[in-house]
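*Asks:* no sequence on this one, just coordinates:
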């Protein structure tokens, strides 16, 4: 939002309402940014997967274990009740991304079916309604198994390059880059 090249500014709005099935995520973003006045071309809007999932109706009644089984393609590691799995989106993460927090008791939140499509939809709506050409990233919380600390990672995006293949290039020391993909 600063409009200054080389500068990163992060802003998280307070007071957003609880999101439910059918919620208009673009409208929520616009309301949180003074109807888009706080947004500028080139900004990146990040939405947590939980918010996207709730809006898309990816909340279901039932136990977490059953949902993890349904979302799991392959178990990568297991220690006690903790499972690190590859889920249907191709992500390797704890519990297949199934979450039982910040949701009504007896319910779980599943990851969006297509996070890239979710990001494209919000991006298109923001362009149409506010005239701003922003990127949209859908994030999910991820930890390192059996270690402390968590971070968010992008599980879907629209409007920005998310990976640049450097294979075939050389580094500053003349070494060939074979699998570098930042």
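*Replies:* Nice, thanks for sending it over. Fair warning: this is a prediction, and the values are worked out from it, not measured in the lab.
*Asks:* contacts for the longest helix anywhere in the chain, please.
*Replies:* Across the chain, the longest stretch assigned as helix under DSSP state H is helix 115-130. Contacts with helix 115-130, where a contact means CB atoms under 8 Å, 6 or more residues apart in numbering, come from 24-27, 29-30, 35-36, 39, 45, 47, 49, 52, 56, 89, 112, 132-138, 155-159. The way it works is simple: take the backbone N, C-alpha and C, and place the C-beta from them, glycine included.
*Asks:* I'd like the next helix or strand past that helix.
*Replies:* strand 135-143 (DSSP states H and E).
*Asks:* thinking again about what came up before, buried members of the contacts of helix 115-130 into PyMOL, please.
*Replies:* Entered in PyMOL, the line below selects the buried ones among those, by 16 or more other CB atoms under 10 Å:
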select buried, resi 25+26+29+30+36+39+45+47+49+52+56+89+112+132+134+135+136+137+138+155+156+157+158+159
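*Asks:* mind checking how far the residue nearest the centre of the chain is from residue 82?
*Replies:* For the chain, the residue nearest the mean C-alpha position is residue 139 (1.8 Å; CA atoms, centre = their mean). To residue 82, residue 139 is 22 Å away according to CB to CB, to the nearest Å.
*Asks:* then residue 5?
*Replies:* Distance from residue 5 to residue 82, by CB to CB: 43 Å.
*Asks:* cool, and residue 33?
*Replies:* 38 Å.
*Asks:* what about these two, which has more around it?
*Replies:* Remark: of residue 33 and residue 82, residue 33 carries more neighbours, 20 against 11, as counted by other CB atoms under 10 Å.
*Asks:* surely that one meets residue 40?
*Replies:* No. If you go by CB atoms under 8 Å, residue 33 and residue 40 don't touch, sitting 10.0 Å apart.
*Asks:* contact partners for residue 6?
*Replies:* Counting by CB under 8 Å, 6+ apart, residue 6 has no contacts.
*Asks:* that one - that's part of a strand, no?
*Replies:* No. Assigned with DSSP: H, G, I helix; E, B strand; the rest coil, residue 6 falls outside any strand and is coil.
*Asks:* the strands in this structure, which residues?
*Replies:* For the chain, applying DSSP state E gives strands covering 44-48, 59-61, 72-79, 82-87, 92-94, 107-109, 135-143, 150-158.
*Asks:* partner strands of the fifth one, parallel or antiparallel?
*Replies:* Its sheet considered, strand 92-94 pairs with strand 82-87 (antiparallel) by DSSP bridges.
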